[in-house]
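1. no sequence for this one, just the structure:
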């Protein structure tokens, strides 16, 4: 990845941190898009120390995907300062949090996991096209299987189940990937999605585990969960492998293509979600 510029959202911890370190080791330059800049700077120092890489290969910039204003500010800075963008990795995510809303009034998981990345990608798309061949990588989850897109209650105001809301946001990621892939045909920009698997990260901090069960859970997690480095392998594969340079709109797990359920590839639902998402984030009034 020598000479490549890559944006990784949620780069300061978990899979995002491991993805960033992996790209730096391959000679790529990473723009770490982080809500907490101080945490991002600390992580950047750790990665540089671990890899011995040049300081120029890591740049930390503030991005709060729960804020439309923050997304616009971030993208404006990127467009003004960066001559090219080779890879955008939409990695950041919120998992099973209590019912809360983003700065703009969206249910948090849907707002961050889907709408935030939807707007981010839209605003950076021209730069990605000018930099073609370039790639977009979307981190989804196999838990999409348990989600449904209820267009009558996208904000979960009638009913909120935190596990369902997460699955719905991950289903939205896949519908977005499929529709974006269709729109990008012939542009030189590819987009593919992935499931990292079950990974030991702080993503599950909102999941309540009884105190008495925590020692057993921690033991099991070390035995059966992937490390962040293992969880980042498919992200890195889709970001730089020549094997997928022309692959468009597919879903991967463990660096292998997977067959999606029909609800994740429905053109009708994907188009409708796209149109509504444009209105919600202010692309179309």
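-> Received the coordinates, thanks. Being a predicted model, the structure only gives us computed values, none of them experimental.
2. which residue packs closest to residue 103, ignoring adjacent ones?
-> Once flanking residues are discounted, residue 103 sits nearest to residue 67: 4.4 Å by C-beta to C-beta, 6 or more residues apart in numbering. From N, CA and C alone the C-beta is placed, and that goes for glycine too.
3. Let me fix that, I meant to ask about residue 228.
-> residue 18 (4.0 Å).
4. In a strand, that neighbour, correct?
-> No. Assignment of residue 18 by DSSP: H, G, I helix; E, B strand; the rest coil gives helix, placing it outside any strand.
5. picking up where we left off before, now do the same contact list for the residue nearest to residue 103.
-> Going by C-beta atoms under 8 Å, 6 or more residues apart in numbering, residue 67 touches 102, 103, 104.
6. For the helix or strand harbouring residue 61, name the packing helices and strands.
-> Using DSSP states H and E, residue 61 sits in strand 58-62. Here strand 58-62 touches strand 29-34, helix 37-51, helix 68-81, going by 3 or more C-beta pairs under 8 Å, 6 or more residues apart in numbering; DSSP states H and E.
7. List the buried residues in the first one.
-> Pointing back at strand 29-34 there. Neighbour-count burial for strand 29-34 flags 29, 30, 31, 32, 33, 34 (criterion: 16 or more other C-beta atoms under 10 Å).
8. Tell me what angle that strand forms with helix 68-81.
-> Angle, strand 29-34 to helix 68-81, by axes from the mean of the first three to the mean of the last three C-alpha atoms, to 10 degrees: 160 degrees.
9. Could you pull out the strands in the stretch 151-285 of the chain for me?
-> 189-195, 251-253, 256-258 (DSSP state E, counting those that start in this stretch).
10. tell me the most buried of the ones you listed?
-> Each of the strands of the stretch 151-285 of the chain was scored by mean neighbour count; the highest is strand 189-195, a mean of 25, by mean count of other C-beta atoms under 10 Å.
11. picking that back up, which of the buried residues of strand 29-34 sits closest to residue 255?
-> residue 30 (20.3 Å; C-beta to C-beta).
12. For that closest one, give the beta-bridge partners.
-> residue 6, residue 58 (DSSP bridges).
13. list the contacts for it?
-> Listed by C-beta under 8 Å, 6+ apart, the contact set of residue 30 reads 6, 7, 8, 11, 20, 23, 24, 57, 58, 59.
14. mind running it again at 7 Å?
-> Shown in contact with residue 30 (C-beta atoms under 7 Å, 6 or more residues apart in numbering): 6, 8, 11, 20, 23, 24, 57, 58.
15. can you put those residues in CSV and add distance to residue 113, neighbour count and pLDDT?
-> Listed next are the contacts of residue 30 as CSV, based on distance: C-beta to C-beta, whole Å; neighbours: other C-beta atoms under 10 Å; pLDDT from 0 to 100:
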residue, distance to residue 113, neighbour count, pLDDT
6, 20, 27, 98
8, 15, 30, 98
11, 16, 33, 97
20, 19, 29, 98
23, 22, 29, 98
24, 25, 23, 97
57, 28, 21, 97
58, 25, 24, 98
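16. Just give me the closest of those to residue 188.
-> residue 6 (16.7 Å).
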